[in-house]
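With the sequence up front, the predicted model follows.
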Amino acid sequence: MLIVKHETYNDMSRAVANMIAREIRNNPHTVLCLATGSTPIGIYQELVRLHREEDLDFSQVTTFNLDEYYGLDKNDPQSYSYFMREHLFAHVNVSEQNIHHIRVPSNNLEDVARYCQEYELKIKQAGGFDILIDGIGLNGHIGFNEPADELQSYTHLVDLTQSTIEANSRFFSSMDEVPRHALTMGMATILGAKKILLVASGKHKAEIVNTIMDATITTQIPATLLHLHHDTEMHVDSKAAQLVDQKRSAERS
Ligand code: PGA
């Protein structure tokens, strides 16, 4: 896994957006796997700017979302479908039929496995992801693949950990409102991407970035499995890189 450092959050967002834009210009049928959370917002803003000001064309692009809360209506402002519409899809010319979300009709637990399999099939039929973008959880989760003794390979329903519920409660008016379950691509779905771009920003991510860069692979820190991938880059701003920098300069002295 390559670590790529940028001075600021905006520098990082611009650099990653430019990589995506380059891919789309080279291959108008690019298949993207997209993530929510605070970190990718700057990337989406820059992609919207590139569409408006520099004619970046999304008309043939296909998107899949990495994860989604279980049980929230797609119009719920906390749903990831809503998030993606707000931050990207409403502002670029991506075709509605090329946008894919992991959605199971609410309260329909029996159908979950079937919907997950259908989602995997759609990814396969699209030819897999050219680029996958993802933030990193404070506990090292990837998508909603939470630390555990065993990780699932393909799209599935998960129980969110307390750490994730607490971290995500900032988007809700109370902790009780945070959904306890989510749907997420599995580790094999993610590792199937041709290129993976992880993004991390801010001092609070410095510790997990440093832990992941240690290169020991453990299911207790799902992001470490990305060391098995041939083309993963972790893009960080200077604050998220702090501990990695300190460690490397200590090793040199
Ligand atoms: P964040 O979330 O970008 O809001 O920090 C990342 C994650 O939890 O995967």
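Thanks, I have the structure now.

From the chain's centre, how far out is the lengthiest helix in the chain? Work that out for me.
As assigned by DSSP state H, the longest helix anywhere in the chain is helix 9-26. Here the centre of helix 9-26 is set off from its chain's centre by 15 Å, with C-alpha atoms, centre = their mean, to the nearest Å.

cool, stretch 195-215 as well?
Its chain's C-alpha centre lies 13 Å from the corresponding centre of stretch 195-215 when counted by C-alpha atoms, centre = their mean.

Identify each buried residue in it, please.
The neighbour-count criterion (16 or more other C-beta atoms under 10 Å) identifies 195-201, 205-206, 208-213 as the buried residues of stretch 195-215. Any C-beta I mention is one placed from the backbone N, CA and C, and that applies to glycine too.

Stretch 211-230 now?
Residues of stretch 211-230 classed as buried: Thr211, Ile212, Met213, Thr219, Ile221, Pro222, Ala223, Thr224, Leu225, Leu226, His229 (neighbour count, 16+ other C-beta under 10 Å).

Equivalent analysis for stretch 14-22, please.
Going by neighbour count (16+ other C-beta under 10 Å), the buried part of stretch 14-22 is Arg14, Ala15, Val16, Ala17, Met19, Ile20, Ala21.

And for stretch 236-253?
Neighbour counts over stretch 236-253 (16+ other C-beta under 10 Å) mark Val236, Asp237, Ser238, Lys239, Ala240, Ala241, Gln242, Leu243, Val244 as buried.

wait, Gly135 sits on Ser38?
Yes: if you go by C-beta atoms under 8 Å, Gly135 and Ser38 touch, sitting 7.4 Å apart.

Neighbour count for the two, which is higher?
Comparing Gly135 with Ser38 by other C-beta atoms under 10 Å, the one with more neighbours is Gly135, at 21 against 12.

State the pLDDT value of the residue of the stretch 151-253 of the chain found nearest the ligand.
The ligand sits closest to Ala167 of the stretch 151-253 of the chain, with a gap of 6.2 Å, by C-beta to the nearest ligand atom. With respect to pLDDT, Ala167 has a value of 87.

how many neighbours does it have?
Ala167 has 18 neighbours, counted by other C-beta under 10 Å.

Look up which helix or strand it falls in, please.
In the assignment (DSSP states H and E), Ala167 maps to helix 162-168.

do the same with Leu183
Per DSSP H and E, Leu183 falls inside strand 181-184.

following that strand, which helix or strand comes up?
Trace forward from strand 181-184 with DSSP H and E and the next one is helix 187-191.

Can you verify my assumption that His156 contacts Cys116?
Yes: in this structure, His156 is within contact of Cys116 by C-beta under 8 Å, at 5.7 Å.

Show the contacting residues for Leu243.
For Leu243, the contacting residues are Ala206, Glu207, Val209, Asn210, by C-beta atoms under 8 Å, 6 or more residues apart in numbering.

For the second one, list the residues it contacts.
Think Glu207. The neighbours of Glu207, taking C-beta under 8 Å, 6+ apart as the test, are Leu243.

Check the secondary structure at it for me.
Three-state assignment for Glu207 (DSSP: H, G, I helix; E, B strand; the rest coil): helix.

Poorly predicted segments of the stretch 51-200 of the chain, please.
The model of the stretch 51-200 of the chain has pLDDT under 70 over residues 106.
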